[in-house]
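Undergrad: Here is a sequence with its predicted model. Questions after.
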Amino acid sequence: MPALNLLPPAEKEKLVYVWRVRALIVIASGFIAVLAVSFVLLLPTFFLLAFQKTEAIRAVAIERDAEERTGLTKRVEIVERANRLGVAVRDHEAKRGDLFGLFESLFRNVPAGIRLESITFRSKTRELTISGFAPARQVLLLLLKNMEENPRIAKVSSPVANLIREADINFSVAVTLRP
């Protein structure tokens, strides 16, 4: 059967436009209906959560009051202080053990005649500053060579190359440790 469409083209376009608008209205209405149903179904959940939150806040307040009455907060603070002290001691022991081996290897390789007067360690930069007295330039150069050969030392900074004196030298050496 042949299709009979006696409408002019302008009316056809308006009719297509009207059907599209109606389809969009149906889709939008369905979307709004789904949102409304979801909101209605979730409303009791929102109320229950609000009541639960106020109940939880009240329970926390009661628990804090009970802790204050029994003196539990002071005991908890004492335990926390002890834990912090334990962590500090553990960290110190770990660092001390690391430096002990370094000091031992340094002192075993100090040539005869060198007198170490002070050793300063900066933990943030891992830099060790050693100052002392050397009776001769060659002895000081031997000390620096021993330090440079130490596997725990990354860099040795010393102004020995600029020294003019050959004997009775007061020195200061900066040593950077390997991580």
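TA: On my side now, so go ahead.
Undergrad: so the closest residue to residue 115 other than its chain neighbours is in which element?
TA: The spatial neighbour of residue 115 that comes closest, neighbours along the chain excluded (C-beta to C-beta, 6 or more residues apart in numbering), is residue 133 at 4.5 Å. Placement of C-beta: from N, CA and C, glycine included. In the assignment (DSSP states H and E), residue 133 maps to strand 127-136.
Undergrad: in its sheet, what does that strand sit against?
TA: Sheet pairing here is set by DSSP bridges, and for strand 127-136 it gives strand 115-122 (antiparallel), strand 167-177 (antiparallel).
Undergrad: Make TSV out of those strands and add mean pLDDT.
TA: Formatted as TSV, these follow (pLDDT from 0 to 100):
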stretch	mean pLDDT
strand 115-122	84
strand 167-177	84
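Undergrad: Tell me which of these sits nearest to residue 108.
TA: Ranking those by proximity to residue 108 (C-beta to C-beta) places strand 115-122 first, at 12.8 Å.
Undergrad: Just the buried positions in the closest one, please.
TA: residue 121 (16 or more other C-beta atoms under 10 Å).
Undergrad: Pull that strand out as CSV, backbone CA atoms only.
TA: Extracted in CSV, the C-alpha atoms of strand 115-122 (Å, rounded to 0.1, in the frame of the first residue of the first chain):
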residue,chain,number,x,y,z
ARG,A,115,95.9,13.7,68.7
LEU,A,116,92.2,13.9,68.1
GLU,A,117,90.8,16.8,70.2
SER,A,118,87.1,16.9,69.2
ILE,A,119,84.6,15.0,67.1
THR,A,120,81.2,16.6,66.2
PHE,A,121,78.5,14.7,64.4
ARG,A,122,75.5,16.4,62.6
